[in-house]
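Visitor: Got a sequence here, can you build the structure:
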Amino acid sequence: MAQNHGFDIEAISDGLIAIVKEIAGIDVGLSASVRSVTDDMQPWMMPSTTEGATMKVGLIAVQSLGWGEEVRLEYDPDLTFPDDEVLGGFQIGVTGPRVLTFSISCECHDAKKSAFEYVERVRSNLMRPSIIDRIKALGCSFNSFAGSRDRSFVFEGRVVTKAGFDLLLNTVSNLDDDPVTTIDTMNATGAATGGVVVDPIPVPDV
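Guide: Take a look at the predicted model:
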């Protein structure tokens, strides 16, 4: 799992791209932009050299939910510390809900096709039970999506059809911190001395 985020953005993005590609039936790539399709009025492809349609999927926002993160302790009797002695201890972690916003968009330079039709095909198929199961397999659940938006424009005298929508998925962030031992020290024979339990999380008065 990607510890810098608490969830695997790359795996979720790759899985969503595979789903969109299967539904749309055209090439789908990962968008490096952090903007929604509504902010993008320049073509991805040069009309003079490219025909047909392509789609992009990009993560544009991550939102935390609730009053805060939950700190958890899980006891592991086999935790190993820097001196390579197996002391046992608590693994400290922080977990919390997240909402991921993905922009799913299409651009088409073929006058006989429409980017809006490809986008709407994807949007209307996302609620199929088999697709929901695949989203769950990515560690996410369906939250909501916005309506498809037509953002067609004229570039170098040619109409470029462009459309897209935002998809919101729920997931959970899990981050591990440094483990904490349950005893103070060990003597030369490996016996515990002191026996003081480390309590890293103060409990507020109720």
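Visitor: The longest helix that the chain contains - contacts with which helices or strands?
Guide: When the chain is parsed with DSSP state H, its longest helix is helix 9-24. Judged by 3 or more Cβ pairs under 8 Å, 6 or more residues apart in numbering; DSSP states H and E, helix 9-24 is in contact with strand 28-30, strand 53-64, strand 89-108, helix 115-125, helix 129-137, strand 158-176. Glycine gets a C-beta too; all of them are placed from N, C-alpha and C.
Visitor: change it to 6 Å
Guide: With contacts taken as 3 or more Cβ pairs under 6 Å, 6 or more residues apart in numbering; DSSP states H and E, helix 9-24 sits against strand 28-30, strand 53-64, helix 115-125.
Visitor: Pick the most buried one from those.
Guide: helix 115-125 (a mean of 20; mean count of other Cβ atoms under 10 Å).
Visitor: residues in contact with it?
Guide: The contact list for helix 115-125 (Cβ atoms under 6 Å, 6 or more residues apart in numbering) reads 20, 23-24, 53, 106-108, 148, 150, 161-165.
Visitor: Next: stretch 135-142.
Guide: By Cβ under 6 Å, 6+ apart, stretch 135-142 touches I12, G15, I132, L169, N170, T171.
Visitor: List just the nearest of the residues you listed to F102.
Guide: Of all the contacts of stretch 135-142, the one with the least separation from F102 (Cβ to Cβ) is L169, at 6.9 Å.
Visitor: what's the closest one in contact with, if anything?
Guide: L169 sits next to L100, C140, N143 when contact means Cβ under 6 Å, 6+ apart.
Visitor: how far away is the second one from V99?
Guide: To tie it back to what came earlier, the one meant is C140. 10 Å (Cβ to Cβ, to the nearest Å).
Visitor: likewise the last one?
Guide: Here N143 is placed at a distance of 6 Å from V99 (Cβ to Cβ).
Visitor: any shared contact partners between those two?
Guide: Here N143 and V99 share the contacting residues L168, N170, scored by Cβ under 6 Å, 6+ apart.
Visitor: pretty sure K56 contacts S105?
Guide: Yes. Between K56 and S105 a contact is recorded at 5.4 Å, counting by Cβ atoms under 6 Å.
Visitor: Point out where the chain drops to low pLDDT.
Guide: 1-5, 31-51, 66-68, 81-87, 180-206 (pLDDT under 70).
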